[in-house]
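Engineer: Give me coordinates for this.
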Amino acid sequence: MESLDYVNLSLTVAELDPGIFVVTASGELDVWTASKLDERLVSVVDRATGPLIVDLTAVPLLDSVVLGVLVRHAKQLRAAGKELTLVSDDPRTVRVIEITGLDYLFRMKRSLADALNVGGAAA
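Structural biologist: Numbers count the residues shown, from 1 in each chain. From the prediction side, this is the model:
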């Protein structure tokens, strides 16, 4: 497991099974820190052979720059026959995904346990 801490954001990357990654964000994920999330996703997207799970349960807000980062990686994964699962139990985050019409691109789960069951990984 690799953990990186920034001023208002912590990012952790864990490989649960070979090729199944969970990127966990905690704190402020916005225009100022979106590039840090992008760097973490770039580091695992090509190595992912299964689902890539991004846990946003400890992120209070998603802005358009962060959504852009997630969309780009979801499209890259989809082109390779893989998927990006977002985890959030915040109704505002779920609503943003629905309102923007991006729910076709992401699999949304309310908990990491649910996401791991979908991905076939052991919790």
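
Engineer: got the buried residues for the longest helix anywhere in the chain?
Structural biologist: Scanning the chain for the longest helix, with DSSP state H as the assignment, gives helix 64-79. In terms of neighbour count (16 or more other CB atoms under 10 Å), helix 64-79 has its buried residues at V65, V66, L67, V69, L70, V71, H73, A74, Q76, L77. For the C-beta atoms, the positions are set from N, CA and C on the backbone; glycine is no exception.

Engineer: which of those sit farthest apart?
Structural biologist: Greatest spatial distance among the buried residues of helix 64-79 (CB to CB): V65 and L77, at 19.2 Å.

Engineer: ok, back up a step: how about residues contacting the longest helix of the chain?
Structural biologist: Identification of contacts with helix 64-79 by CB atoms under 8 Å, 6 or more residues apart in numbering yields 29-31, 34, 37-38, 41, 45, 48, 52, 54, 83-84, 86, 96, 100, 102, 105-106.

Engineer: okay, how far is it across stretch 17-31, tip to tip?
Structural biologist: Taking CA to CA, to the nearest Å, stretch 17-31 runs 31 Å from one end to the other.

Engineer: So for that stretch, mean pLDDT?
Structural biologist: The average pLDDT within stretch 17-31 is 93.

Engineer: ok, and what's touching it?
Structural biologist: Contacts with stretch 17-31, where a contact means CB under 8 Å, 6+ apart, come from 6, 8-16, 33, 37, 40-41, 44, 47-56, 58-63, 65-66, 112, 115-116, 119-122.

Engineer: Which members of these occur in helices, if any?
Structural biologist: Counted as lying in helices by DSSP H, out of the contacts of stretch 17-31, are L37, R40, L41, V44, V65, V66, L112, A115, L116, G119.

Engineer: what distance separates stretch 62-69 from the centre of its chain?
Structural biologist: Remark: stretch 62-69 is offset 11 Å from the chain centroid, using CA atoms, centre = their mean, to the nearest Å.

Engineer: Now do the buried residues in stretch 91-101.
Structural biologist: Going by neighbour count (16+ other CB under 10 Å), the buried part of stretch 91-101 is T93, V96, I97.
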